[in-house]
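**Q** Quick check, what structure comes out for this input:
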Amino acid sequence: MTLIWATTMVRSQQQRPHEALSHSLNAMDGSDDENDDALFAPQSQMHSVEQVSPSVSPFISPFKGYADERLSAQSTNANGAAEMTKDSASKLLKNGLRIVNQRERFDTECEAGISAILFHPFRDILFGADESGRVWVWQYAPTHQLELDESSNGSSSNSNAESAAASRSDRQRLNVFDCGKGAKVTSLSMLNAFHDAMLICGADDGTVRVFRNAHLRDAISPVTAFLANGRVKNSARPFLVTEWSEGLGLLLSGGSADTVKVHDIASESYLGCLTTNAMAHTVAMARRPETDVNLVVAGGADNVVRCFDVRASLNAEKCVNEFRCAMSGDLMALTPTQRARSHCYYAASGEEMVLMDLRYSKHSVSRVKFKKAANAFAAHRCAPLYALGSTKQFVHICSTVRMRRQRQQTLVNEICFHDGFLGARIGPVRLAQFHPYKLLLAVGGTNRHLSLYSAAPTKHNKSFF
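**A** Predicted structure coming up:
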């Protein structure tokens with residue numbers, strides 16, 4: 001059975017999210033977005049960098065056409081997105097990015113813990129995989145229903161009580177299914193998020209299983225399953241890392257092996273592998289399709305970040321560029337920054353984070369030491385935030401504004417276990433995942449619960465919900 005992906009997803013990934021917020025944060029940081037790219041670009045590329053101006057999606061960019069005139073300026077930039085003033089951006093950073101509310105707390109009925117987390121980008125759906133090989137699908141309540149709950153607590157009318165009961169009924173488990181006997185899911189990816197959504201589940205035995213309509217109750221159906229990377233089974237601690245390329249229709253499978261396998265999903269065929277002579281296990285993979293659709297960035301267990309071009313590196317045993325992260329601790333996460341049209345990525349270990357530019361392999365742009373050791377790292381795709389989770393039952397929400405100059409951890413807020421009389425219950429954290437467009441953070445650990453946190457809805461961050 002041939003898989004067909006929607007081209008709408010390809011076009012949306014090439015557009016700039018949160019244009020106004022990024023522009024205002026760059027102004028607060030003392031540098032403009034174009035000048036910042038030109039600062040780290042060679043002289044031969046400066047002219048091309050200044051001319052790049054992709055279109056802006058009104059769905060992805062929440063600040064385009066925002067109704068509140070206090071947050072959106074009267075003028076628009078060259079791409080047509082409404083710009084925020086410096087004062088509004090400062091208020092958003094101070095009051096609107098504090099992720100403090102425990103929105104939901106889901107039970108996986110598995111005492112071994114959580115192994116993978118994924119948000120549906122356009123629906124109020126959360127996917128979670130446990131250590132026993134099961135995948136859970138939950139629906140959480142949207143923000144307007146949470147406001148109904150709060151209003152019903154202060155009122156005794158029957159209509160408010162019925163609305164609150166209806167909102168609570170939406171917070172439910174939709175599906176739970178097994179991905180194979182003895183297989184633990186270590187990677188979750190979404191295919192066709194706009195239409196005919198499919199869930200890609202990568203297991204530690206090297207197999208990949210694809211399910212259609214996993215977010216619909218009693219409508220899930222298996223599509224295909226195949227061995228993506230069988231070499232991961234030879235490791236003492238096997239795991240599989242997958243990355244879906246919607247622009248090329250390729251599925252990349254790495255993990256506890258020295259190769260990254262490439263499969264063509266349309267023709268259901270194996271194309272080859274990406275590797276080097278001294279390549280270690282692939283801990284994380286990341287891509288930025290709006291910059292280069294053919295570029296794949298892989299972070300290895302030897303703290304070396306390798307850049308592969310699918311056109312030139314496939315079956316060639318070579319990479320385009322290598323970036324050696326001279327950091328303390330082992331690499332555990334690799335994510336692109338929230339800045340649009342940027343070539344910068346975050347590489348994080350348990351003790352520090354490195355901001356690197358892929359065009360320059362000899363030095364890093366910035367380096368930030370963590371105040372406390374971390375076991376999980378996640379960076380927001382649009383907002384200037386990153387989260388640090390620890391098995392000591394706390395999560396630090398930090399800001400990336402002025403990180404290049406200050407080179408220190410800027411704490412926005414902290415989530416601790418039972419902080420207050422009715423505070424959040426949080427277990428030992430080893431997984432953290434941000435929603436790609438909303439101010440939502442999912443946290444999983446070594447216990448059976450998966451927690452969902454959100455920022456308090458205010459006039460400054462209303463567009464994130």
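
**Q** ok, which stretches of the stretch 101-250 of the chain are helices?
**A** 143-153, 158-169 (DSSP state H, counting those that start in this stretch).

**Q** average model confidence for the last one?
**A** By that I understand helix 158-169. Averaging pLDDT along helix 158-169 gives 50.

**Q** just stretch 396-406 next, same as before
**A** 82.

**Q** Find the least confident helix or strand in the chain, judged by mean pLDDT.
**A** helix 46-51 (a mean of 32; mean pLDDT, DSSP states H and E).

**Q** so where's the stretch 251-400 of the chain uncertain?
**A** 340-341 (pLDDT under 70).

**Q** Helices of that one, start to end?
**A** Secondary structure of the stretch 251-400 of the chain (DSSP H, counting those that start in this stretch): helices located at 310-313.

**Q** How about residues contacting stretch 242-252?
**A** 5, 9-10, 13-14, 187, 189-191, 200, 202, 208, 228, 253-254, 260-266, 271, 274, 285-287, 289, 293-294, 296, 310 (Cβ atoms under 8 Å, 6 or more residues apart in numbering). C-beta here means a position set from N, CA and C on the backbone, and glycine is covered the same way.

**Q** now swap in stretch 348-356 and tell me
**A** Against stretch 348-356 from outside (Cβ under 8 Å, 6+ apart): 303, 305, 323, 325, 327-335, 337, 344-347, 364-370, 373-375, 377, 386, 403-404.

**Q** how does it look with 6 Å?
**A** 323, 325, 327-333, 344-347, 364-370, 373-374, 377 (Cβ atoms under 6 Å, 6 or more residues apart in numbering).

**Q** got it, and stretch 286-297?
**A** 13-14, 247, 307-311, 334-336.

**Q** buried residues in that stretch?
**A** For stretch 286-297, the neighbour count (16 or more other Cβ atoms under 10 Å) marks 286-290, 292-297 as buried.

**Q** returning to that earlier point: out of the contacts of stretch 242-252, which are buried?
**A** 5, 9-10, 13, 187, 189-191, 200, 202, 208, 228, 253-254, 260-263, 265, 274, 285-287, 289, 293-294, 296, 310.

**Q** Write down the beta-bridge partners of residue 369, one by one.
**A** residue 352 (DSSP bridges).

**Q** That one: neighbour count?
**A** 12 (other Cβ atoms under 10 Å).

**Q** longest single strand anywhere in this structure?
**A** strand 99-107 (DSSP state E).

**Q** What helices and strands are in contact with that strand?
**A** Applying 3 or more Cβ pairs under 6 Å, 6 or more residues apart in numbering; DSSP states H and E, one finds that strand 99-107 contacts strand 449-455.

**Q** which residues touch the strand it packs on?
**A** 98-99, 101-107, 114, 128, 140, 426, 439-444, 461.

**Q** from the buried ones among the contacts of stretch 242-252, which ones fall inside strands?
**A** Filtering those for strands - DSSP E - leaves 187, 189-191, 200, 202, 208, 253-254, 260-263, 274, 285-286, 296.

**Q** sorry, back to before: quick one: the longest strand of the chain to strand 449-455, angle?
**A** 150 degrees (axes from the mean of the first three to the mean of the last three Cα atoms, to 10 degrees).

**Q** partner strands of strand 99-107, parallel or antiparallel?
**A** strand 449-455 (antiparallel).

**Q** CA-only coordinates of the strand it pairs with in CSV, if you can.
**A** What follows is strand 449-455, C-alpha atoms only, in CSV (Å, rounded to 0.1, in the frame of the first residue of the first chain):
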residue,chain,number,x,y,z
HIS,A,449,2.0,9.8,34.7
LEU,A,450,2.4,12.3,31.9
SER,A,451,1.8,15.9,32.8
LEU,A,452,0.7,18.8,30.6
TYR,A,453,1.6,22.4,31.6
SER,A,454,0.5,25.7,30.0
ALA,A,455,0.9,29.4,30.5
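
**Q** what's the farthest-apart pair in the contacts of stretch 286-297?
**A** 311 and 335 (24.0 Å; Cβ to Cβ).

**Q** Those two - which one has more neighbours?
**A** residue 335 (20 against 10).

**Q** Got phi/psi on residue 362?
**A** Backbone geometry at residue 362, expressed as degrees, to the nearest 10, gives phi -90, psi -20.

**Q** and the gap between it and residue 356?
**A** Residue 362 sits at a distance of 11 Å from residue 356 (criterion: Cβ to Cβ, to the nearest Å).

**Q** Please apply the same query to residue 288.
**A** In terms of Cβ to Cβ, residue 288 sits 13 Å off from residue 356.

**Q** Then residue 326?
**A** In terms of Cβ to Cβ, residue 326 sits 11 Å off from residue 356.

**Q** Those two - which one has more neighbours?
**A** residue 356 (24 against 9).

**Q** At which residues are the strands of the stretch 301-450 of the chain located?
**A** Counting by DSSP state E, counting those that start in this stretch, the segments of the stretch 301-450 of the chain that form strands are 304-309, 321-324, 333-336, 344-348, 352-357, 366-369, 376-379, 385-390, 394-399, 410-416, 429-434, 440-445, 449-455.

**Q** Distance to residue 315 for those - can I get that in JSON lines?
**A** As requested, those are exported to JSON lines (distance: least, Cβ to Cβ, whole Å):
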{"stretch": "strand 304-309", "distance to residue 315": "11"}
{"stretch": "strand 321-324", "distance to residue 315": "18"}
{"stretch": "strand 333-336", "distance to residue 315": "23"}
{"stretch": "strand 344-348", "distance to residue 315": "25"}
{"stretch": "strand 352-357", "distance to residue 315": "27"}
{"stretch": "strand 366-369", "distance to residue 315": "35"}
{"stretch": "strand 376-379", "distance to residue 315": "32"}
{"stretch": "strand 385-390", "distance to residue 315": "35"}
{"stretch": "strand 394-399", "distance to residue 315": "41"}
{"stretch": "strand 410-416", "distance to residue 315": "44"}
{"stretch": "strand 429-434", "distance to residue 315": "33"}
{"stretch": "strand 440-445", "distance to residue 315": "37"}
{"stretch": "strand 449-455", "distance to residue 315": "39"}
